[in-house]
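Colleague: 3D model of this:
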Amino acid sequence: MEKNLSEHSEKSVRFFDLMMEGLKDHVDAETFWDAVDENAVFKFDYYFPNLPKEMGKLKYKEWLEENTNSGSSAEFINLYKDLSTPGQTTIIMQYVVRFKPGIPDMNFLSIATVKDNKVVAWDDYLDTSK
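Modeller: Residues are numbered from 1 along each chain as shown. Below is the predicted model of the structure:
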């Protein structure tokens, strides 16, 4: 049976809640922004209008506050955690973001690097294969 990704499901949650679900066992924080180190770097390997290719925590937080659709939700497709490097966890989160009706769903892959219980790097990719 084919899954209709355009419809919201019970698994759909707000973006930051979903990211914290993926990070929860590896960070000492209750919220996404508390889980991110002050010097963390976010890199975006796709183009959105007014989205820089790279920015720090504060700039990304500001950008999201100005550009986030309050009606959107997200759901994991896959989640993988690499614990093979001592002192570091790499968390690979593949997820779908659902926007309001009329805006197509988008699949993303986020790779978070966690050291000392904080996210120190974040690489974001857009799945354009659909």
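Colleague: where do the helices sit along this structure?
Modeller: Shown for the chain, the helices assigned by DSSP state H span residues 15-23, 32-35, 57-67.
Colleague: contacting residues for residue 16?
Modeller: By CB atoms under 8 Å, 6 or more residues apart in numbering, the residues touching residue 16 are 31, 32. For glycine as for every other residue, the C-beta is placed from the backbone atoms N, C-alpha and C.
Colleague: and it, what pLDDT?
Modeller: pLDDT for residue 16: 85.
Colleague: quick one: low-confidence parts of the chain?
Modeller: Counting by pLDDT under 70, the ranges of the chain that qualify are 1-13, 69-71, 130.
Colleague: show me where it has strands.
Modeller: 36-44, 54-56, 73-82, 88-98, 106-115, 118-127 (DSSP state E).
Colleague: chain center to the fourth one, what's the gap?
Modeller: The gap between the average C-alpha position of strand 88-98 and the chain average comes to 6 Å, counting by CA atoms, centre = their mean, to the nearest Å.
Colleague: rewinding a little: make CSV out of the strands of the chain and add mean neighbour count.
Modeller: Shown next, in CSV, are the strands of the chain (neighbours: other CB atoms under 10 Å):
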stretch, mean neighbour count
strand 36-44, 17
strand 54-56, 14
strand 73-82, 15
strand 88-98, 19
strand 106-115, 18
strand 118-127, 17
